[in-house]
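**Student:** pasted the sequence and its predicted model underneath.
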Amino acid sequence: QVQLVESGGGLVQTGGSLKLSCAASGFTFSRYDLNWYRQVPGKERELVALITSTSTGSITNYADSVKGRFTISRDNAKNTVYLQMNSLKPEDTAVYYCNANGWRGFNYWGQGTQVTVAS
């Protein structure tokens, strides 16, 4: 079955860095778009970064709030997608979720990993 398992969250000071990982299994990883979302209590889940499938060029895009600070990447050999987060701010505090989606309604989520940025 499809599984997405995030890791790498934690507590960091303002200005610090974290690298999130999402290990995938149960599907042909390179064929699907991969996304990082985040959510804080009482707010809708927000798309932070995306990287398209390898066949479409692994194109990346970012929310305006994280452009220049976050970098999404994928390693198809390891079936893993990463989110490098630099210059973290308290407003980046959230639960971060990995998502894989694609054709025929393929849409799966990880369980989330907490990121807390202390001021």
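**Tutor:** On my side now, so go ahead.

**Student:** pop out the phi and psi values for residue 38.
**Tutor:** Per-residue torsions, residue 38: phi -140, psi 160 (degrees, to the nearest 10).

**Student:** from residue 100, how far out is it?
**Tutor:** For residue 38, the distance to residue 100 equals 16 Å [C-beta to C-beta, to the nearest Å]. In short, each C-beta sits where N, CA and C put it, glycine included.

**Student:** can you name the residues bridging to the most centrally placed residue in the chain?
**Tutor:** Residue closest to the average C-alpha location in the chain (C-alpha atoms, centre = their mean): residue 36, at 2.6 Å. Legend: beta-bridge partners of residue 36 under DSSP bridges are residue 49, residue 98.

**Student:** enumerate every residue touching it.
**Tutor:** Residues near residue 36 by C-beta atoms under 8 Å, 6 or more residues apart in numbering: 20, 22, 47-50, 72, 81, 83, 96-99.

**Student:** report pLDDT for it.
**Tutor:** If you check residue 36, the pLDDT there is 98.

**Student:** give the contact list for residue 59.
**Tutor:** Taking C-beta under 8 Å, 6+ apart as the test, what residue 59 contacts is 51-52.

**Student:** now with 6 Å, please.
**Tutor:** Residue 59 makes contact with residue 52, according to C-beta atoms under 6 Å, 6 or more residues apart in numbering.

**Student:** how far away is it from residue 53?
**Tutor:** Separation of residue 59 from residue 53 (C-beta to C-beta): 9 Å.

**Student:** which helices and strands sit right next to the helix or strand harbouring residue 20?
**Tutor:** Secondary structure assignment for residue 20, by DSSP states H and E: strand 18-25. Here strand 18-25 touches strand 3-7, strand 80-85, going by 3 or more C-beta pairs under 6 Å, 6 or more residues apart in numbering; DSSP states H and E.
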